[in-house]
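Novice: I need the structure of the sequence given here:
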Amino acid sequence: MRNAATRELTILAMFAAIIILLIFTPIGFINLPFIKATIVHVPVVIGAVILGPKYGAVLGFLFGLGSLISNTLTPSALSFAFSPFNTVPGTDGGNPLSLIICFIPRILVGVIPWVAYTGLKKLPVVQSRAINAVWLAITGAVGAFTNTLLVMPLIYIIFKEPFALYRGISTEAVLGVVLGIIGTNGLMEAIAAAVLTAGIAGVLQLVIKGEK
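Specialist: As a prediction, this is how the structure comes out:
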């Protein structure tokens, strides 16, 4: 039992180190004109698959913390939605509700994909490495969309008017822009997460857990 716990903590530390590395290098957060694209959710998803939802949530929290630091120290145009230390357009300061956007979706990235993967593994089909790769790819996409489909609607709900101000559009047009980001940026992140999760998690399952 002690050896198993030690191994889990070691693996957790490995994933945490990868997340920190991604956060503090240009690889983790890619500055786009209006938002930061990210692949930091990928080790969170893989960690959840390997370690389960409890440690997945821990890795998700670390993801959120990294997002807070990144958006505070190297802000993009939309960083006010992720850090209360950035001034919200049309106001004199930040908004603490940005912490909800920054942390809640990211913590759930470490939980919901595990639920999806566990459910897929229970489907009445012949399990094989090829099928498992498909399940992992779907799980990776689920993790990416968990992040996008929670972050962007929350931005719309909490920061609709500031979003319109910084984009120079009417509040009526905000929904269309948000849906556009989900359909472009979100789709690209989901594809990347699907490919990376299927490739990396499958190997780790063989090496770490001895699964076939």
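
Novice: so how many other residues sit close to A192?
Specialist: 18 (other CB atoms under 10 Å). All C-beta spots, glycine's among them, are computed from the backbone N, C-alpha and C.

Novice: was I right to think it contacts A144?
Specialist: Yes. At 7.4 Å, A192 and A144 qualify as touching, with contact defined as CB atoms under 8 Å.

Novice: longest helix of the protein?
Specialist: Across the chain, the helix with the greatest residue count (assigned by DSSP state H) is helix 129-167.

Novice: quick one, strands of the protein?
Specialist: Remark: strands assigned in the chain by DSSP state E are 29-31, 36-38.

Novice: which of the ones you listed comes out lowest on mean pLDDT?
Specialist: For the strands of the chain, the weakest mean pLDDT is recorded on strand 29-31, namely a mean of 61.

Novice: roughly how far does the spatially closest residue to Y117 that is not a sequence neighbour sit from L204?
Specialist: Nearest residue to Y117, sequence neighbours excluded (CB to CB, 6 or more residues apart in numbering): T139, at 4.3 Å. As judged by CB to CB, to the nearest Å, T139 and L204 stand 13 Å apart.

Novice: try V174
Specialist: 40 Å.

Novice: okay, which residue is most central for the protein?
Specialist: The centroid of the chain falls nearest to H41 when counting by CA atoms, centre = their mean (3.4 Å).

Novice: tell me the mean pLDDT over stretch 4-15?
Specialist: pLDDT averaged over stretch 4-15 gives 89.

Novice: and stretch 79-93, by the same measure?
Specialist: Rounded mean pLDDT across stretch 79-93 is 94.

Novice: can you give me the first-to-last residue distance of that stretch?
Specialist: In stretch 79-93, first residue to last residue: 13 Å (CA to CA, to the nearest Å).

Novice: and that stretch, what's buried?
Specialist: S79, F80, A81, F82, S83, P84, N86, V88 (16 or more other CB atoms under 10 Å).

Novice: of these, which is the nearest to G183?
Specialist: Among these, A81 lies closest to G183 (CB to CB), at 18.6 Å.

Novice: all helices for this protein, in order.
Specialist: Going by DSSP H, the chain shows helices at 2-23, 41-51, 53-73, 98-109, 112-121, 129-167, 174-181, 187-204.

Novice: by contact count, what packs against the fifth one?
Specialist: Contact partners of helix 112-121 among helices and strands, from 3 or more CB pairs under 8 Å, 6 or more residues apart in numbering; DSSP states H and E: helix 41-51, helix 53-73, helix 129-167.

Novice: mean neighbour count, the ones you listed: which tops it?
Specialist: helix 41-51 (a mean of 28; mean count of other CB atoms under 10 Å).

Novice: list the contacts of that helix.
Specialist: 8, 11-12, 15, 18-19, 22, 55-56, 59-60, 62-63, 106, 109-111, 113-114, 117, 136, 139-140, 142-144, 146-147, 189, 192-193, 196-197, 200-201, 204-205, 208-209 (CB atoms under 8 Å, 6 or more residues apart in numbering).
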